[in-house]
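Peer 1: Everything below, folded, please.
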Amino acid sequence: MAISTMESAKDGNRKDDAIPPVKYRGPEHTLTNAMHDKVDVIISKINAIDTATNTNTAKTGITTGQANAITANTSKVSMTLGTSGSTALAGDTNIVTIGSSTTIAFGDMITTTKPGKGGGTTYSIVMTVTNGGVSKATTLTLT
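Peer 2: Next comes the predicted model:
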């Protein structure tokens, strides 16, 4: 519901708005008249915000396009680990079998750029295998 401005109340001479029906006259009322005008500006802004809020809150649900996008996204099939596309591996299934007392660790990938004409770039990674307190490392060149 819109709020009436002081100016519109003056024009309609409505006494129930509890404001003066006419602007004060005379230089001694300059401040009062300026405040009167500012209140009207504030009321107009409140009414504009109220209209915008009512328009925004009138929205319900989602569009058909949004519903279709959600459906399309949720029907995607991710990488499947198993014996077929409809089976999955158990959480404790070994993909690579390693002895129970052996650990394998991989370092960060190393990028090496050879200087000079035709130098090129090589990529490698260090793999370390440890068993019973003995560690061995090798550098794997990635191609």
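Peer 1: quick one: residue 129 from residue 105, how far?
Peer 2: 8 Å (Cβ to Cβ, to the nearest Å). Bear in mind the C-beta positions are built from the backbone N, C-alpha and C, glycine included.
Peer 1: Equivalent analysis for residue 61, please.
Peer 2: From residue 61 over to residue 105 the distance is 52 Å, taken as Cβ to Cβ.
Peer 1: okay, these two: which has more neighbours?
Peer 2: The neighbour comparison of residue 61 against residue 105 (other Cβ atoms under 10 Å) goes to residue 105, with 11 against 7.
Peer 1: longest helix in the chain, by residue count?
Peer 2: helix 30-57 (DSSP state H).
Peer 1: ok, residues contacting stretch 135-143?
Peer 2: 109, 122, 123, 124, 125, 126, 127, 128, 129, 130 (Cβ atoms under 8 Å, 6 or more residues apart in numbering).
Peer 1: Looking at pLDDT only, which of these scores worst?
Peer 2: Across these, the bottom pLDDT score, 89, is held by residue 122.
Peer 1: can you confirm it is in a helix?
Peer 2: No. Applying DSSP: H, G, I helix; E, B strand; the rest coil, one finds residue 122 to be strand, outside a helix.
Peer 1: now the contacts of stretch 135-143 in TSV, with neighbour count and distance to residue 71?
Peer 2: Output for the contacts of stretch 135-143, formatted as TSV (neighbours: other Cβ atoms under 10 Å; distance: Cβ to Cβ, whole Å):
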residue	neighbour count	distance to residue 71
109	11	38
122	13	46
123	12	41
124	13	45
125	14	41
126	14	46
127	13	44
128	13	47
129	14	47
130	14	49
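Peer 1: Which of those residues sits closest to residue 41?
Peer 2: For those, the closest approach to residue 41 (Cβ to Cβ) belongs to residue 109, at 63.5 Å.
Peer 1: correct me, but the closest one touches residue 122?
Peer 2: No. Contact criterion Cβ atoms under 8 Å: residue 109 and residue 122 do not qualify, at 10.8 Å.
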